[in-house]
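[1] Got a predicted structure here, sequence first:
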Amino acid sequence: MSDRYQQFVNSFLGKQIAPRVGLPQPPFLKRHRPGAPVVDGPVLLGQADGGRLGPAVSRVLAVIGAETWTAEGPLRDGAAEAGLSPKIWSGATGGDQRFQALVFDATGISSAAELAQLHAFFQPVARRVRPSGRVVVLGTTPELVPGTGAAKASARVAQRALEGFTRSLGKEIGKGSTVQLVYVAPDADDQIESTLRFLLSPKSAFVSGQVVRISQSGRKPDLNWTEPLKGKVALVTGASRGIGEAIAETLARDGAHVVGLDIEPLADDLKKVTDRIGGSAITFDVTAQDAPAELAAKLKADHGGVDIVVHNAGITRDKLLANMKPEVWAQVIAVNLEAPERITRELLKQKAINPEGRIIGVASIAGVAGNRGQTNYGTSKAGVIGFVDAFAAEVAKQQLTINAVAPGFIETKMTAAIPLTIREAGRRMSSLGQGGLPIDVAETIAWYASPGSAGVNGNTVRVCGQSLIGA
Amino acid sequence: MTSPRRVAILGGNRIPFARSNAQYSSVSNSDMLAAALDGLIERYGLEGQHLGEFAAGAVVKLARDINLTREVVLGSKLAPSTAAVDIGQACGTGLQAVNYIGNKIALGQIDVGIAGGADTTSDPPIALGDKLRAKLVKVNNARSNADRVKALLAIRPTDISLDFPVNAEPRTGKSMGAHQAITAKEWGITREAQDELTVASHHNLAAAYDRGFMDDLITPYLGLERDGNLRADSSLEKLAKLKPVFGGPQGTMTAGNSTPLSDGASTVLLASEEWAKEHGHEPLAYLVDVQTSAVGYVGGEEGLLMAPAYAVPALLDRNGLKLQDFDFYEIHEAFAAQVLSTLKAWEDPTFCKQKLGRDEPLGSIDRSKLNVNGGSLAAAHPFAATGGRIVPALAKALKEKGSGRGLISICAAGGQGVVAIVER
Ligand SMILES: NC(=O)c1ccc[n+]([C@@H]2O[C@H](COP(=O)([O-])OP(=O)(O)OC[C@H]3O[C@@H](n4cnc5c(N)ncnc54)[C@H](O)[C@@H]3O)[C@@H](O)[C@H]2O)c1
């Protein structure tokens, strides 16, 4: 499963040869290490005139102890109020300064002409981002832009335009760096911490070119950020291997008691995983008729309910549509889409999901962009995105959230089975030029799962290294 | 013990400062310190007199100079009963020596004393590499000639290495200039602002020489009558041509707006009012108070040379003064960027709130009162000699003015700063 090509081009010899023969050079991505700071290096904070998120972002940078730089002016004065003592950034005096992260509050941009402020801030520092750097642009959710009439409309246009900027910058920034856009609802400034922490840290190593929407949840718990899931119970389906195993491990790392679920034939593998992380194991098939009811009853009986539900179990049965038998179609839809939907309904009905609960689906870029030979799979995964959309408003009323990850090419047994040339294309055809690791999906899920992410609801974030396939 | 007495600054004497490996290339710290002291003795008629104590130091010091100051006293025309002490606090040495003598006078332990300092970068203490030293120790310990020859033959060409003292912080491996380049960047200090300060330093010092201000502060030495680094015709155009030497190719710090390595020595005569009166000397001014502060810089938590930014507010608070309550500001120009970073920090509400815990910034100073008779950028900066250059010159400026108050600020290696108030 290891990526030999990446190891080769990053070896001494490879570094000599690869550029000469025109091979792409995927960078090594920095990943999270326990105890490491959120951002390991200087953060440059910028703001378009009239932006509103300076104080909220500054507060987060202050609590994570980031070495923060700003230009002189109101942004810096506001940052001081938040407890920061930012260093002064100016292109004329910046010398050899480089940044681990660039954070730009674009909420003040209210017309097409004002988009020039993106250029003004980013152009001088475009080459000053360190490897595995982070760029985060914050905007206002376009549909929720305040105001009236023409002013409101042009602000909405400008805010929507931000997406094209971040996605394009993601494609040219290079060196394993990532670029994201975070839309914050006008009243949700105090909800950004968990998302900023995730997007600024190496935990989001394989997430790039994404748009995250944050809304007001009315809740802002005090958190222990090293063990945010302490005391929580997490159900992870398909936990015996691959991405599911990584999810189970990561949620356990963050303090959760993990209930791993997988099919009977994989009971031994599953037990190995859950024993290692001090969790518990349940074996059954998520598509079984009585699975939802049984699961709900068991979670209530054993744990008094569940806090986090991760619908990770999934299968592929690839065939061109012309050759696809109806049972092959049905199998994939049943595991990937019907099971999550049925289980979620039953858990909600039985009130088995505790307040502050998190429901997390695993979609796929196949569900975003479609894939040849995957009409069934693509349908099921697009359905998972629909599942998130459809349930978001309803679960929010019960103080729950629902979100999904859409992995791109992740190095697992599933992708190892793909024919070599297609596999290579899958790896390389992304901004980060490589496949992701199961941990990358797991970290994204851990961000959704955090009690700090109450304002993150109804999102589908791709974990795909900004794959060139799909939107 | 009596209650503290006022400490009078009677005057000073220094030799002109020379650039490294120039006029003073063949003289030592003790030669230069003796020359500065001799001039002082002559100017103030101290021949044969017993003084309370002579305190001085050198930053770059040879191992044989264990008792540098005492040896200088013994070679001078002072009574041999004058005690002496070597002290060291990097670039703060000179002002700390003034503080030491001042405190003893204030407490009545002595009535009169001399503070000073000398430094040479032309005669540095060169250490032997570890391998060579170990083998030479064996040669020295050998009992017979045969053993000695055997021990000598054991020395291989590859053993021969010499450790020159480097102008670098041991804990970071970075030179002082590299540290200041980081601070300059963090404070957004422009190249133009640094060059402007540099030009002012040269022009002010040249003007001070021209109007005879330096006449009773300096004794020419080895053919040098003015500081060797002084460029009376310094200009922004000339400085603009220099390439950055710290902070990389896009850096703002050049050899022009940074002090060069240099050689020199200085002395200051301090006494109680009674002693001054008895001996017929009119005090130029009085040493009011001194504050030494230090900052952590090893992990980048603060700039290496930013300690004065903390020391000054502490000193002001203790004396119930505002930053604006001064007629002269003598801020040691280790680098133009150091002065500008410090001034900017005092003006910055963020720094003053976050780092100093003050609701209001200290504010800005009237720049026309800054280093009015030149600073280290023009005079150069033989490390331990800078305090003894500044104190008498400031005291004299206050005397010329008639009355007033001056602030001294000196940054030092190791994240330290020594600052003082002088009054008349
Ligand atoms: N690997 C990738 O590149 C990639 C890309 C996009 C999406 N995904 C999705 O991520 C999830 C995990 O994928 P993976 O690569 O780890 O696959 P995997 O095949 O290694 O693991 C899937 C797990 O789900 C379990 N499972 C399957 N059907 C089940 C059922 N009916 N009941 C209970 N458990 C069942 C399997 O036993 C297995 O342990 C899947 O939903 C997959 O579609 C993977």
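    Now that the structure is in, tell me what you want to look at. Numbering: from 1, shown residues only, chains lettered A, B, ... in the order given.

[2] list the contacts for the nearest residue to residue A:38 once chain neighbours are set aside?
    Leaving out its chain neighbours, the residue that sits closest to residue A:38 by C-beta to C-beta, 6 or more residues apart in numbering or on different chains is residue A:64, at 4.2 Å. Any C-beta I mention is one placed from the backbone N, CA and C, and that applies to glycine too. Applying C-beta atoms under 8 Å, 6 or more residues apart in numbering or on different chains, we find residue A:64 in contact with A:37, A:38, A:39, A:197, A:200.

[3] Confirm that the second one sits in a helix.
    Okay, so that is residue A:38. No. Assessed with DSSP: H, G, I helix; E, B strand; the rest coil, residue A:38 is coil; it does not lie in a helix.

[4] how about the residues of the stretch 151-300 of chain B near chain A?
    Residues of the stretch 151-300 of chain B lying close to chain A by C-beta under 8 Å from any C-beta of the partner chain are B:181, B:184-191, B:247-252, B:300.

[5] Can you list the residue ranges for strands in chain A?
    A:43-47, A:68-70, A:87-88, A:99-105, A:129-140, A:178-184, A:210-214, A:233-237, A:257-262, A:280-283, A:306-311, A:353-362, A:401-407, A:460-463 (DSSP state E).

[6] Redo these as JSON lines? Include mean neighbour count, mean pLDDT and distance to residue A:190.
    Formatted as JSON lines, the strands of chain A follow (neighbours: other C-beta atoms under 10 Å in any protein chain shown; pLDDT from 0 to 100; distance: least, C-beta to C-beta, whole Å):
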{"stretch": "strand A:43-47", "mean neighbour count": "26", "mean pLDDT": "98", "distance to residue A:190": "18"}
{"stretch": "strand A:68-70", "mean neighbour count": "26", "mean pLDDT": "96", "distance to residue A:190": "19"}
{"stretch": "strand A:87-88", "mean neighbour count": "20", "mean pLDDT": "96", "distance to residue A:190": "26"}
{"stretch": "strand A:99-105", "mean neighbour count": "26", "mean pLDDT": "98", "distance to residue A:190": "15"}
{"stretch": "strand A:129-140", "mean neighbour count": "24", "mean pLDDT": "98", "distance to residue A:190": "13"}
{"stretch": "strand A:178-184", "mean neighbour count": "27", "mean pLDDT": "98", "distance to residue A:190": "10"}
{"stretch": "strand A:210-214", "mean neighbour count": "23", "mean pLDDT": "98", "distance to residue A:190": "10"}
{"stretch": "strand A:233-237", "mean neighbour count": "29", "mean pLDDT": "98", "distance to residue A:190": "26"}
{"stretch": "strand A:257-262", "mean neighbour count": "27", "mean pLDDT": "98", "distance to residue A:190": "29"}
{"stretch": "strand A:280-283", "mean neighbour count": "18", "mean pLDDT": "97", "distance to residue A:190": "36"}
{"stretch": "strand A:306-311", "mean neighbour count": "27", "mean pLDDT": "98", "distance to residue A:190": "22"}
{"stretch": "strand A:353-362", "mean neighbour count": "23", "mean pLDDT": "97", "distance to residue A:190": "16"}
{"stretch": "strand A:401-407", "mean neighbour count": "27", "mean pLDDT": "98", "distance to residue A:190": "16"}
{"stretch": "strand A:460-463", "mean neighbour count": "26", "mean pLDDT": "98", "distance to residue A:190": "21"}
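
[7] Let's have these in CSV, adding distance to chain B.
    Formatted as CSV, the strands of chain A follow (distance: least, C-beta to the nearest C-beta, whole Å):
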stretch, distance to chain B
strand A:43-47, 12
strand A:68-70, 8
strand A:87-88, 4
strand A:99-105, 12
strand A:129-140, 15
strand A:178-184, 25
strand A:210-214, 28
strand A:233-237, 37
strand A:257-262, 37
strand A:280-283, 44
strand A:306-311, 37
strand A:353-362, 35
strand A:401-407, 36
strand A:460-463, 33
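
[8] Mind putting the ones you listed into a markdown table with distance to the ligand?
    Below are the strands of chain A laid out as a markdown table (distance: least, C-beta to the nearest ligand atom, whole Å):
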| stretch | distance to the ligand |
| --- | --- |
| strand A:43-47 | 31 |
| strand A:68-70 | 36 |
| strand A:87-88 | 41 |
| strand A:99-105 | 27 |
| strand A:129-140 | 21 |
| strand A:178-184 | 18 |
| strand A:210-214 | 15 |
| strand A:233-237 | 6 |
| strand A:257-262 | 5 |
| strand A:280-283 | 8 |
| strand A:306-311 | 8 |
| strand A:353-362 | 4 |
| strand A:401-407 | 4 |
| strand A:460-463 | 8 |
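
[9] Can you turn the buried part of the residues of the stretch 151-300 of chain B next to chain A into a ChimeraX selection?
    Command for ChimeraX that selects the buried part of these, burial taken from 16 or more other C-beta atoms under 10 Å in any protein chain shown:
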select /B:181,184,185,186,187,188,189,191,247,251,252
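
[10] any idea which of the residues of the stretch 151-300 of chain B next to chain A is closest to residue B:59?
    residue B:181 (21.2 Å; C-beta to C-beta).

[11] For the residue in the stretch 101-250 of chain B that the ligand sits nearest to, which non-adjacent residue is spatially closest?
    Nearest to the ligand in the stretch 101-250 of chain B, going by C-beta to the nearest ligand atom, is residue B:248, at a distance of 42.6 Å. Closest residue in space to residue B:248, ignoring its immediate chain neighbours: residue A:96 at 3.8 Å, by C-beta to C-beta, 6+ apart.

[12] which residues does the one you found contact?
    Taking C-beta under 8 Å, 6+ apart, one finds B:247, B:248, B:249, B:250, B:251 in contact with residue A:96.

[13] Tell me how many other residues crowd residue 150.
    Since you didn't name a chain, this refers to chain A. Look at residue A:150: counted by other C-beta atoms under 10 Å in any protein chain shown, it has 9 neighbours.

[14] should've been chain B
    Neighbours of residue B:150 (other C-beta under 10 Å): 13.

[15] Check residue A:421 too.
    When neighbours are counted by other C-beta under 10 Å, residue A:421 registers 8.

[16] Look up how far residue A:429 lies from it.
    Separation of residue A:421 from residue A:429 (C-beta to C-beta, to the nearest Å): 12 Å.

[17] Over to residue A:99?
    Applying C-beta to C-beta to residue A:99 and residue A:429 gives a distance of 28 Å.

[18] try residue A:118
    When distance is defined by C-beta to C-beta, residue A:118 is 27 Å away from residue A:429.

[19] Looking at these two, which is more packed in?
    Per other C-beta under 10 Å, whichever of residue A:118 and residue A:429 has more neighbours is residue A:118, with 21 against 15.

[20] got the contact list for the residue lying closest to residue A:427 once chain neighbours are set aside?
    Closest residue to residue A:427 apart from its sequence neighbours, by C-beta to C-beta, 6+ apart: residue A:435 at 4.5 Å. If a contact means C-beta under 8 Å, 6+ apart, then residue A:435 has A:3, A:408, A:409, A:410, A:411, A:415, A:426, A:427, A:465 as its contacts.

[21] now, the most widely separated pair of those residues?
    Greatest spacing in these, by C-beta to C-beta: A:3 and A:408 (14.0 Å).

[22] neighbour count winner among these two?
    For residue A:3 versus residue A:408, neighbours defined as other C-beta under 10 Å are more numerous around residue A:408 (30 against 17).

[23] quick one, what contacts that one?
    A:206, A:364-365, A:426, A:430, A:435-436, A:462-465, A:467, A:469.
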